[in-house]
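1. can't give you the sequence, but here's the structure:
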């Protein structure tokens, strides 16, 4: 829940409302308020986008431990309908995904994984979809690339 205290996350207007003990699930609430409202009265696109930033990398780092480097690499947002009420986003990292990442890292030492997060209202209607690509690498491999002047 410390996420709610971080100034950058607080600035999104969102609040983490649930964190599974193993960080395999995080739920974020993004209310329509004076802080998140745009000029036409719906949730500001920047808040919709920013509230999804950093959570999958955090979850992956927690699952894989200190021997990996994890970065947000790319993101894409699709607006489906205006957010005129509180929206919710569920970030999930199932055990099968963690195992798939571990297995892939054994074969190639670095990889990209893409995750889709839907921002939904309390009735389950999707208002926005954010797709985020995360770069994951074995820490020794990553440091070796840095030494050679390569970028991920």
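-> That came in fine, so what should we check first? In this text, all values refer to a predicted model and were calculated from it rather than measured experimentally.

2. what lies in contact with the helix or strand encompassing residue 117?
-> Per DSSP states H and E, residue 117 falls inside strand 110-120. If you take CB atoms under 8 Å, 6 or more residues apart in numbering as the criterion, strand 110-120 is touched by 30, 48, 51-52, 56, 60, 73, 83, 87-91, 97, 101, 104-105, 126-138, 141-142, 152. Every C-beta, even on glycine, is put in place using the N, C-alpha and C of the backbone.

3. what is the subsequent helix or strand relative to it?
-> strand 126-138.

4. next secondary structure after that next one?
-> Following strand 126-138 toward the C-terminus (DSSP H and E): helix 139-147.

5. residues of that next one that come out buried?
-> 142, 145 (16 or more other CB atoms under 10 Å).

6. that one packs against which elements?
-> strand 68-79 (3 or more CB pairs under 8 Å, 6 or more residues apart in numbering; DSSP states H and E).

7. what strands flank the strand it packs on, and is each parallel or antiparallel?
-> Using DSSP bridges, the strands paired with strand 68-79 are strand 126-138 (antiparallel).

8. ok now the strand it pairs with, how far from the chain's centre?
-> 6 Å (CA atoms, centre = their mean, to the nearest Å).

9. and what of stretch 135-152?
-> Offset of stretch 135-152 from its chain centre (CA atoms, centre = their mean): 22 Å.

10. with stretch 112-132 instead?
-> 10 Å.

11. one more: stretch 44-51?
-> 12 Å.

12. could you list the buried residues of it?
-> Quick answer for stretch 44-51 (16+ other CB under 10 Å): 44, 47, 48, 49, 50, 51.

13. can you check stretch 69-89 too?
-> 69, 70, 77, 79, 83, 87, 88, 89.

14. with stretch 106-126 instead?
-> In stretch 106-126, counting by 16+ other CB under 10 Å, buried: 109, 110, 113, 115, 117, 118, 119, 120.

15. what does stretch 26-40 give?
-> Buried residues in stretch 26-40 (16+ other CB under 10 Å): 26, 28, 29, 30, 31, 32, 36, 37.

16. quick one: the last one from residue 100, how far?
-> When distance is defined by CB to CB, to the nearest Å, residue 37 is 40 Å away from residue 100.

17. over to the fourth one?
-> Between residue 30 and residue 100 the computed distance is 29 Å (CB to CB).
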